[in-house]
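1. mind looking at a prediction? Sequence and model below.
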Amino acid sequence: MSKHLRSKDSSISFLRIASVVAKDRVTGETTEYPESGVFVQIGLVPNAQEFEGQVAMNKRGEIETDSLGRTSVKNVYAAGDVTDSAYKQIIIAMGSGATAALTAVDDRNRME
């Protein structure tokens, strides 16, 4: 259950959460929980199909990386939701992107 709020700039809208209704996929039973906030996860399937056969991927279709963002191909790095990172959240993707970028620079500097 929610109430939509509009800012003075009509391109921005806010949503005030009062409760969340959860539906049991097996029984179909619904339960309402009072809540003041919600974290929405929009997907768990990585969008990495175009890299199949080019870098190592796990059975879920995620690109396998080491802790610094290196893939199975030298000088190819990956970060964020397409990788085998434990959590698919924007803040995690941002951090792993920074790590991969710094690693790429460091690896490049070591080549020179």
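-> Looks like it arrived, so ask away. Residues are numbered from 1 along each chain as shown.
2. got the domain boundaries for this protein?
-> What automatic domain parsing lists as the domains of the chain is 2-34, 49-111.
3. which of those domains has the lowest average pLDDT?
-> Comparing mean pLDDT across those, the weakest is domain 2-34, with a mean of 71.
4. tell me the contacts of residue 69?
-> 77, 78, 79, 83, 96, 99, 100, 101, 103, 104 (CB atoms under 8 Å, 6 or more residues apart in numbering). (C-beta placed from N, C-alpha, C; glycine too.)
5. from residue 102, how far off is the residue lying closest to the fifth one once chain neighbours are set aside?
-> Setting aside the residues directly before and after it, residue 96 is nearest to residue 79 in space (CB to CB, 6 or more residues apart in numbering), at 4.1 Å. Counting by CB to CB, to the nearest Å, the gap between residue 79 and residue 102 amounts to 11 Å.
6. pull the distance from the one helix or strand residue 109 maps to to the chain's centre.
-> Element membership of residue 109 [criterion: DSSP states H and E] is helix 90-111. The chain centre lies 17 Å from the centre of helix 90-111; the measure is CA atoms, centre = their mean, to the nearest Å.
7. most packed of the domains of the chain?
-> Of all the domains of the chain, domain 49-111 has the most neighbours on average by mean count of other CB atoms under 10 Å, namely a mean of 15.
8. is the closest residue in space to residue 54 that isn't next to it in sequence within a helix or a strand, and which one?
-> Once flanking residues are discounted, residue 54 sits nearest to residue 73: 7.0 Å by CB to CB, 6+ apart. Using DSSP H and E, residue 73 falls within no helix or strand.
9. what strand or helix carries the residue sitting nearest the centre point of the chain?
-> Nearest to the mean C-alpha position of the chain, by CA atoms, centre = their mean, lies residue 88 at 3.1 Å. Assigning secondary structure by DSSP H and E places residue 88 outside every helix and strand.
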